[in-house]
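Q: Pasted the sequence and its predicted model underneath.
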Amino acid sequence: MDIKILGTGCPKCNTLEAAARKVVEENKLDATVSKVDDIMDIMSYGVMITPALVVDGKVVVKGRVPSHDELTTMITG
């Protein structure tokens, strides 16, 4: 599983990254979590407002930090 956090380094972006890493760890998922901070790369996903979460190439949330339970559902399917 490939998880990307799209954001330029704002506090919400950092919060989403930490939360995503926590969900991966708690659920013992075989996943790679990476941060995308280049604005052109972020825009290539059609995202104009950050933070955003991309799971296996699909943008699943943008513009907010979801709750822990919501994030778990988004990542684990």
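A: Received, thanks. Quantities reported herein were computed from a predicted structural model and do not represent experimental measurements. Numbering: from 1, shown residues only.
Q: those helices in the chain, which residues are they?
A: Residue ranges of the helices in the chain, as given by DSSP state H, are 11-26, 39-44, 68-76.
Q: Might one say that residue 46 is in contact with residue 59?
A: Yes - using CB atoms under 8 Å, residue 46 and residue 59 qualify as a contacting pair, with a distance of 6.8 Å. Bear in mind the C-beta positions are built from the backbone N, C-alpha and C, glycine included.
Q: neighbour count winner among those two?
A: Neighbour count, other CB atoms under 10 Å: between residue 46 and residue 59, residue 59 has more, with 14 against 9.
Q: how about the more buried one, what does it touch?
A: Contacts here follow CB atoms under 8 Å, 6 or more residues apart in numbering; on that basis residue 59 touches 6, 45-47, 52-53.
Q: Make JSON lines from these and add distance to residue 76 and pLDDT to it.
A: Conversion of the contacts of residue 59 to JSON lines gives the following (distance: CB to CB, whole Å; pLDDT from 0 to 100):
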{"residue": "6", "distance to residue 76": "20", "pLDDT": "98"}
{"residue": "45", "distance to residue 76": "21", "pLDDT": "96"}
{"residue": "46", "distance to residue 76": "24", "pLDDT": "96"}
{"residue": "47", "distance to residue 76": "22", "pLDDT": "95"}
{"residue": "52", "distance to residue 76": "18", "pLDDT": "98"}
{"residue": "53", "distance to residue 76": "13", "pLDDT": "98"}
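Q: And the furthest pair within these?
A: Checked with CB to CB, those reach their widest spread between 46 and 53, with 13.5 Å between them.
Q: I'd like the helices of the chain laid out as CSV, including mean pLDDT.
A: Conversion of these to CSV gives the following (pLDDT from 0 to 100):
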stretch, mean pLDDT
helix 11-26, 97
helix 39-44, 96
helix 68-76, 96
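Q: Can I get these in a markdown table including mean neighbour count and distance to residue 2?
A: Below are those laid out as a markdown table (neighbours: other CB atoms under 10 Å; distance: least, CB to CB, whole Å):
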| stretch | mean neighbour count | distance to residue 2 |
| --- | --- | --- |
| helix 11-26 | 16 | 11 |
| helix 39-44 | 12 | 14 |
| helix 68-76 | 15 | 11 |
